[in-house]
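**Q** Build me a model from this:
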Amino acid sequence: MRHEAFMKAKSLEEKKVDMVNSPPHYNTTGIECIHAISAATDEGFQYYLQGNILKYLWRYRYKDRPLEDLEKARWYLDKLIEEVMSRDAS
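**A** Numbering: from 1, shown residues only. Purely as a prediction, here's the structure:
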């Protein structure tokens, strides 16, 4: 395979990986990391989510892919909204 073809194939493969919603390094054991953290932190889970929102908003300007960090902050905010809604419904 020529170098150009290899690089194009590699680029296409990398684009298929969703580093915001399902990063592969967060599910190496068959259990999503976020579910394990939720189970371990119980009532503190909302604080964990809030901390991650702050972290990604804090550092996005200094990253090679700032949009990815903003999308991650949104992901954690959406998760926090889900948590608050589910606890309020209880």
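**Q** Burial check on the closest residue to residue 26 other than its chain neighbours, number of neighbours?
**A** Spatially, and ignoring its direct neighbours in sequence, residue 26 is nearest to residue 33 (4.2 Å; C-beta to C-beta, 6 or more residues apart in numbering). C-betas here are computed from N, CA, C, even on glycine. Number of residues near residue 33 (other C-beta atoms under 10 Å) recorded here: 13.
**Q** wait, doesn't residue 57 sit right on residue 73?
**A** Yes. Using C-beta atoms under 8 Å, residue 57 is in contact with residue 73, at 5.1 Å.
**Q** Between the two, which is the more surrounded one?
**A** residue 73 (20 against 16).
**Q** Now for that one: which residues touch it?
**A** By C-beta atoms under 8 Å, 6 or more residues apart in numbering, the residues touching residue 73 are 52-53, 56-57, 60.
**Q** Tell me how far it lies from residue 51.
**A** 11 Å (C-beta to C-beta, to the nearest Å).
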